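1. Provide a 3D model corresponding to the input given below.
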Amino acid sequence: MKELSDQLRAIEATLFAAAEPISEAEIALHVGGGVDVRSTLAELAGHYAGRGINLVERGGRWHFQTAPDLRHLLRREREDARRLSRAAVETLAIIAYHEPVSRAEIEAIRGVQISRGTLDVLMEAGWVRPAGRREVPGRPLTYVTTAGFLAHFGLASRRDLPGLEDLKLAGLLDPIEAALERLELESDRQEH
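-> Numbering: from 1, shown residues only. Reported below is the predicted structural model:
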């Protein structure tokens, strides 16, 4: 087996010791100057590819995770699934695709008001966080997704969110399109 460099070993140790995913800048602070952190991370990720754990980047932060094909080995007998209401799922999708977005903008897109609890549930899950205030009258708070959102859904960045064509191919838009067609037919009947 090829001998690992001291730089690679230092970065590996830093990642294993980190309680949470860590950025390249934070890694550089731990291992000191003179280390090409980016290329060393790429080399380390290649070293772990195909093994029981993989080194992955999610939202600009690096961490080790169980290889996708072995996750089933670590699941508990009964998995506590986080149940989200339809309103929470819609709100999360709006935030992910339109961030930063205010509560009023979310409501305008959904067409209905959202309860305070909906955003609280998403923030408690660690998937959404406040991102500041808009510089408009009323200075509304805006919301964005977090690195926890990316990690939970296995996305490296928001660019990995499925597009409209992907959703259509997966059949996820069929029920929505069917409902819209029914509404259009009803509206046409009422006009005649």
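2. Name the residues of stretch 17-25 that are buried.
-> The neighbour-count check on stretch 17-25 (16 or more other Cβ atoms under 10 Å) flags Ala18, Pro21, Ile22, Glu24 as buried. (Glycine included, C-beta is placed from N, CA and C.)
3. Now, those residues that are in strands?
-> Among these, the members falling in strands (DSSP state E) are Ile22.
4. now, among the buried residues of stretch 17-25, which is nearest to Gly126?
-> Taking Cβ to Cβ as the measure, Gly126 lies nearest Pro21 of the buried residues of stretch 17-25, at 11.9 Å.
5. Switch the buried residues of stretch 17-25 over to a markdown table; also include pLDDT and distance to Phe64.
-> Putting the buried residues of stretch 17-25 into a markdown table (pLDDT from 0 to 100; distance: Cβ to Cβ, whole Å) gives the following:
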| residue | pLDDT | distance to Phe64 |
| --- | --- | --- |
| Ala18 | 86 | 9 |
| Pro21 | 90 | 9 |
| Ile22 | 89 | 11 |
| Glu24 | 90 | 15 |
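6. out of the buried residues of stretch 17-25, which one sits closest to Arg83?
-> Nearest to Arg83 among the buried residues of stretch 17-25, with distances taken as Cβ to Cβ, is Pro21, at 25.3 Å.
7. wait, that closest one sits on His63?
-> Yes. Applying Cβ atoms under 8 Å, one finds Pro21 in contact with His63, separated by 3.9 Å.
8. Run a quick neighbour tally on Arg61.
-> Here the number of neighbours of Arg61 (other Cβ atoms under 10 Å) works out to 19.
9. What distance do you get for it to Glu43?
-> 18 Å (Cβ to Cβ, to the nearest Å).
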